[in-house]
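1. Quick one: sequence plus predicted model below, questions after.
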Amino acid sequence: MKILVFLISFILMSSSIHAQIKTNHIAVHVSNLDKSSQFYEEILDLQEIDEPFKDGLHAWYNIGGGSALHLIEAPDVPGEISKTNHLCFSMQNMDDFISRLETTGYPFEDWPGEKGKITTRPDGVRQIYIQDPDGYWLEINDDF
């Protein structure tokens, strides 16, 4: 089973019509909501927003641009987790974020998997990868 987290954005074009969509939220399947909430709040410093379900199985976080991260606690978290399927967050001050990871001992790596290293893309954007409590990969970059 693979995680299916898709960010969909496209523009339909014709000579006179331009329709556009935006990302509303990204849903992530987690095994333990409290543990995952702690990670997204303490490691990524995301701010929790109103949770409409009020059932103890969901948490919502503002990720900017009118979009939200929606955590859903449910059994049977997918077993196959690939770095290719990842969420990406851009940080305004990535150096401070990396310092915080180093201070707390939270592991990070570059794209090839070398611990404590940073990848610099051909366009100059720096990126690292971390994993959440369920092993999902998150890219953190400085393309803010």
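-> Sure, I can see it. Numbering: from 1, shown residues only.

2. Pull the contacting residues for Asp50.
-> Listed by Cβ atoms under 8 Å, 6 or more residues apart in numbering, the contact set of Asp50 reads Trp60. The way it works is simple: take the backbone N, C-alpha and C, and place the C-beta from them, glycine included.

3. can you check Phe144 too?
-> 90-92.

4. Which of those residues fall in strands?
-> Among the contacts of Phe144, the ones falling in strands (DSSP state E) are Ser90.

5. Okay, and the beta partners of the most centrally placed residue in the chain?
-> Centroid-nearest residue in the chain, with Cα atoms, centre = their mean: Leu87, separated by 3.6 Å. Bridge pairing for Leu87 (DSSP bridges) gives the partners Leu138.

6. Which residues are in contact with it?
-> Residues counted as contacts of Leu87 (Cβ under 8 Å, 6+ apart) are 5, 26, 28, 69, 136-139.

7. Turn the buried ones among the contacts of Phe144 into a named ChimeraX selection, would you?
-> Here is the ChimeraX command that picks out the buried ones among the contacts of Phe144, judged by 16 or more other Cβ atoms under 10 Å:
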select :91
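
8. Sort out which one of the contacts of Phe144 lies nearest Glu102 for me.
-> Among the contacts of Phe144, Met91 lies closest to Glu102 (Cβ to Cβ), at 14.5 Å.

9. Which secondary structure state does the residue nearest to Leu46 when sequence neighbours are not counted sit in?
-> Residue nearest to Leu46 in three dimensions, not counting chain neighbours: Tyr61, with 4.0 Å by Cβ to Cβ, 6 or more residues apart in numbering. Following DSSP: H, G, I helix; E, B strand; the rest coil, the label given to Tyr61 is strand.
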